[in-house]
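> Need a 3D model of the sequence below.
(2 chains)
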There are 2 protein chains.
Amino acid sequence: MAQQNYQQKTLGILGGGQLGRMVIQSAINYNLSIHILDPDENAPCRRICQKFTQGNLKDFDTVYNFGREVDIITIEIEHVNTQALKKLEAEGKKVFPQPHIIELIQDKRSQKQFYRENGLPTSEFVLVEGKGDIAQHLDFLPAVNKLGKEGYDGRGVQLIPSAEDIDKAFDAPGLLEKFVDFEKELAVIVARTENGSLCAFPSVECAFHPEHNLVEFLFSPADVPDAIAHRAEKLAIEVIEKLGMVGLLAVELFVTKTGEVLINEIAPRPHNSGHHTIEANFTSQFEQHLRSILGMPLGDTGIRSGAAMVNLLGEAGYSGDAYVEGMDDALAEKGVYIHLYGKKITKPFRKMGHVTILENDLGQLKEKALRLKDTIKIKA
Amino acid sequence: MAQQNYQQKTLGILGGGQLGRMVIQSAINYNLSIHILDPDENAPCRRICQKFTQGNLKDFDTVYNFGREVDIITIEIEHVNTQALKKLEAEGKKVFPQPHIIELIQDKRSQKQFYRENGLPTSEFVLVEGKGDIAQHLDFLPAVNKLGKEGYDGRGVQLIPSAEDIDKAFDAPGLLEKFVDFEKELAVIVARTENGSLCAFPSVECAFHPEHNLVEFLFSPADVPDAIAHRAEKLAIEVIEKLGMVGLLAVELFVTKTGEVLINEIAPRPHNSGHHTIEANFTSQFEQHLRSILGMPLGDTGIRSGAAMVNLLGEAGYSGDAYVEGMDDALAEKGVYIHLYGKKITKPFRKMGHVTILENDLGQLKEKALRLKDTIKIKA
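Below you'll find the predicted structure:
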């Protein structure tokens, strides 16, 4: 038989947060052995993985030594030491996504240049080395100033509406993107295996928190004309193919008021915009991630039910031991699924969990999502 | 708020097999801390629970000491020391299902007497103390001789077609049940909380392996007239109410050729006949088990999709390190879900995993189930 015996594989994941945690929930079905590397001794994965190493994801030796013990290495956060991953790859380890792609995506500057070089539609931009450079590009405003590296979960992004706001800019290498007055924000998750088979999930629609640049609501499928949804899916496929990436890629896109579809950012891993797939699609993004990096046949990405996802963020004004208010009320509703991430301590806007709501009628879905958001609160 | 903070609870499970394993997969969503007691150092739960104790489930001290450390105690196998559980209950621990009910169900003799005393329809039976007693009841044949205690996974059940077969009978306390020439076998899983709220899953249909008395295929919903399905669900509700049980109860039933519905056996825990609920129903039996014992609102048991479940039993003739043949072919099919139980060693007819198939057309579903059964084989 040419078929693989997946259950004897050990998978190492760099990062042990909620994304890794949901990967583990899927991996249990295949008897995979999961090793986790994370700097936080209380990482969400710690108590459900088969081996936990506390360590710095950016330290060469830590990552290298962790990777040597496993069969396949993947990530759940892109801020990792790619030099160590490259060495492991050179030594014959399977590292998916490939280290040079993680590196390209880590830096929003090289990410944007990749789009430009490959004729992929994205907003206009210029590279800036620091605050001082912004003044050279006043004609570019209003614009979004993004840090090249280390941005995460809404950090590292700053709107610069006009010349008076230059002081808000980051004083580090980054880029200035022309502000896109978009109509909608979409996301498409696409997977690709080593043998080149690939498959995209249907487009979803993201509604961001006005202040914190975190996904607040997500709706699946996106409420856009079919042509727009397909255009987004086609672009996501084009990106992963042009990258030649193996693994799962989340592609965030803007739909402009004139119906253009522009690539915003990408993440080479399971993503907040795919959490609903656990209940709402035939295959979840976490399962698909495993399938793509292990070389299994990719799963069907079709929609089983319309869905909304609401992030459970730590309530403003509360820090300390987390308490979930309103859980019983939420659990009493049909088609409501609560996922808590195993984080003991809450702080304002920390991602503590999410709720998925299944409902095919978009009007009712939106109404339920809003209601649920008011029902469940993470306090301390 | 009167609502509970479930995520601070520690749940102790007696038994660490596949049922416990799938409970843990659900429990991760609620941040529950799970302690497992199991005699097998390689129990399927061992590497995904938060604390594992290797020990004898029938030993008073082992069970008592294990239970003292947790907030709530439940089971995934009924062959446990109920005296220790009674002591824990008397000391104020929540033990669900309640120990006296586990005890009643442990012995198929008291189980049957319970049905009789409560006017619940079941096949005719007589109690026997051993082989010698069978000869007193020749008019009762053909009959099924069941061991009172310790029967599990098809063991402890013997058909006695005629007087010539008396030698096959068990020489231990048990019962002789009049053979029911049934048309179908159904199963209904029902949950009940401490405050008395209850909810049944829709009836499913079980097809047993002709020799090994293990469920070979399961179809949901059962292909029977609505009146029969409802009668089965009503009986399941009646049983759990008359028991006053808190937790999840699986009720196996016969539908006779004249359309009578008879209770066959019950199990006070998640059950093989409910595995499909993970993908096919709005709430899975494992989630419902947690909800019932933790006092959460019960989940909606409605069907999301028609489904079949195929047990992956160790192939006859193979013993040793398990290898899953045909996994890629199975994974390539839409709506096919593989669950492996983390058992390293296979042996003939050992339950190694299961496959769920989603499909609303019953004809296609049966065809797919048969095909899948031939596709995936557990070998060594």
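
> where along the stretch 151-300 of chain A do the strands fall?
Per DSSP state E, counting those that start in this stretch, the stretch 151-300 of chain A carries strands over the ranges A:157-160, A:174-178, A:182-192, A:198-200, A:204-208, A:215-220, A:247-256, A:261-267.

> Figure out which of those strands is closest to B:Y30.
The closest of those to B:Y30 is strand A:215-220. By C-beta to C-beta, the value is 21.6 Å. Glycine gets a C-beta too; all of them are placed from N, C-alpha and C.

> Helices of chain A, residue ranges please.
A:18-27, A:60-68, A:82-90, A:99-106, A:108-117, A:131-134, A:226-243, A:277-280, A:285-294, A:327-331, A:362-375 (DSSP state H).

> could you check the angle helix A:82-90 makes with the second one?
Angle between the axes of helix A:60-68 and helix A:82-90 is 30 degrees (criterion: axes from the mean of the first three to the mean of the last three C-alpha atoms, to 10 degrees).

> what are the phi and psi values for the residue of the stretch 101-250 of chain A found nearest chain B?
Proximity of the stretch 101-250 of chain A to chain B (C-beta to the nearest C-beta) peaks at A:S197, 10.1 Å away. In terms of degrees, to the nearest 10, the main-chain angles of A:S197 are phi -70, psi 140.

> Just give me the neighbour total for A:E91.
A:E91: 11 surrounding residues under other C-beta atoms under 10 Å in any protein chain shown.

> before we move on, the earlier item: skip the chain neighbours and tell me the closest residue to the residue of the stretch 101-250 of chain A closest to chain B.
Residue nearest to A:S197 in three dimensions, not counting chain neighbours: A:L298, with 5.8 Å by C-beta to C-beta, 6 or more residues apart in numbering or on different chains.

> got a pLDDT number for that neighbour?
With respect to pLDDT, A:L298 scores 98.

> Next, the contact list for it, please.
A:L298 is in contact with A:A191, A:T193, A:S197, A:L198, A:C199, A:T283, A:Q288, A:R291, A:S292, counting by C-beta atoms under 8 Å, 6 or more residues apart in numbering or on different chains.

> mind redoing it with 6 Å?
Contacts for A:L298 (C-beta atoms under 6 Å, 6 or more residues apart in numbering or on different chains) come out as A:A191, A:S197, A:C199, A:R291.

> any chance of the helices of chain A in a markdown table, plus mean neighbour count, distance to B:L85 and mean pLDDT?
Below are those laid out as a markdown table (neighbours: other C-beta atoms under 10 Å in any protein chain shown; distance: least, C-beta to C-beta, whole Å; pLDDT from 0 to 100):
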| stretch | mean neighbour count | distance to B:L85 | mean pLDDT |
| --- | --- | --- | --- |
| helix A:18-27 | 26 | 30 | 98 |
| helix A:60-68 | 18 | 43 | 98 |
| helix A:82-90 | 19 | 50 | 98 |
| helix A:99-106 | 20 | 51 | 97 |
| helix A:108-117 | 18 | 58 | 96 |
| helix A:131-134 | 18 | 68 | 88 |
| helix A:226-243 | 19 | 54 | 98 |
| helix A:277-280 | 24 | 35 | 98 |
| helix A:285-294 | 26 | 37 | 97 |
| helix A:327-331 | 20 | 27 | 94 |
| helix A:362-375 | 16 | 36 | 93 |
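
> Including distance to chain B, could those go into CSV?
Converted to CSV, the helices of chain A look like this (distance: least, C-beta to the nearest C-beta, whole Å):
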stretch, distance to chain B
helix A:18-27, 6
helix A:60-68, 18
helix A:82-90, 24
helix A:99-106, 25
helix A:108-117, 32
helix A:131-134, 43
helix A:226-243, 18
helix A:277-280, 9
helix A:285-294, 7
helix A:327-331, 5
helix A:362-375, 11
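
> what ranges of chain A fall below the confidence cut-off?
Low-confidence segments of chain A, defined by pLDDT under 70: A:1-5, A:152-154, A:209-215.

> Please identify the residues of it in proximity to chain B?
Residues of chain A lying near chain B by C-beta under 6 Å from any C-beta of the partner chain: A:3, A:5, A:7, A:25, A:28-31, A:47-48, A:50, A:296-297, A:300, A:323, A:327-328, A:331-332, A:334, A:339-340, A:342.

> From what I see, A:P221 and A:V188 are in contact.
No: the pair A:P221 and A:V188 does not pass the contact test of C-beta atoms under 6 Å, sitting 10.9 Å apart.

> How much space separates the most centrally placed residue in chain A from chain B?
The centroid of chain A falls nearest to A:H271 when counting by C-alpha atoms, centre = their mean (2.5 Å). Computed as C-beta to the nearest C-beta, to the nearest Å, the A:H271 to chain B distance reads 19 Å.

> could you list every residue that touches that residue?
A:H271 neighbours (C-beta under 6 Å, 6+ apart): A:A250.

> Would you mind measuring from it to B:M245?
43 Å (C-beta to C-beta, to the nearest Å).

> on that earlier part again, out of the contacts of A:L298, give me the one that has the most neighbours.
Top of the contacts of A:L298 by neighbour count (other C-beta under 10 Å): A:A191, with 27 neighbours.

> In space, what's closest to that residue - neighbours in sequence excluded?
Nearest to A:A191 is A:S292, by C-beta to C-beta, 6+ apart, at 4.1 Å.

> residues near the closest residue to A:N31 other than its chain neighbours, how many?
The shortest distance from A:N31 to any non-neighbouring residue, by C-beta to C-beta, 6+ apart, is to A:Q7 (3.7 Å). Other residues within reach of A:Q7, judged by other C-beta under 10 Å, total 20.

> Next: A:L358.
21.

> contacting residues for it?
Contacts of A:L358 (C-beta under 6 Å, 6+ apart): A:S305, A:A307, A:G335.

> I figured the second one hits A:N281, correct?
When you say that, I think you mean A:A307. No: A:A307 is not in contact with A:N281 according to C-beta under 6 Å; the separation is 8.3 Å.

> The two: who's more crowded?
Of the pair A:A307 and A:N281, A:A307 is the one with more neighbours under other C-beta under 10 Å, namely 27 against 24.

> Which segments of chain A make up each domain?
A:3-95, A:124-178, A:182-379 (automatic domain parsing).

> beta partners for the closest residue to A:A27 other than its chain neighbours?
Excluding its sequence neighbours, the residue lying closest to A:A27 (C-beta to C-beta, 6+ apart) is A:I34, at 5.6 Å. Going by DSSP bridges, A:I34 is paired in beta bridges with A:L11.

> Contacts only, for A:I34.
A:I34 neighbours (C-beta under 6 Å, 6+ apart): A:L11, A:I24, A:A27, A:C49, A:Q50.

> With distance to A:D374 added, can I get the residues you listed in JSON lines?
Listed next are the contacts of A:I34 as JSON lines, based on distance: C-beta to C-beta, whole Å:
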{"residue": "A:L11", "distance to A:D374": "39"}
{"residue": "A:I24", "distance to A:D374": "31"}
{"residue": "A:A27", "distance to A:D374": "34"}
{"residue": "A:C49", "distance to A:D374": "34"}
{"residue": "A:Q50", "distance to A:D374": "39"}
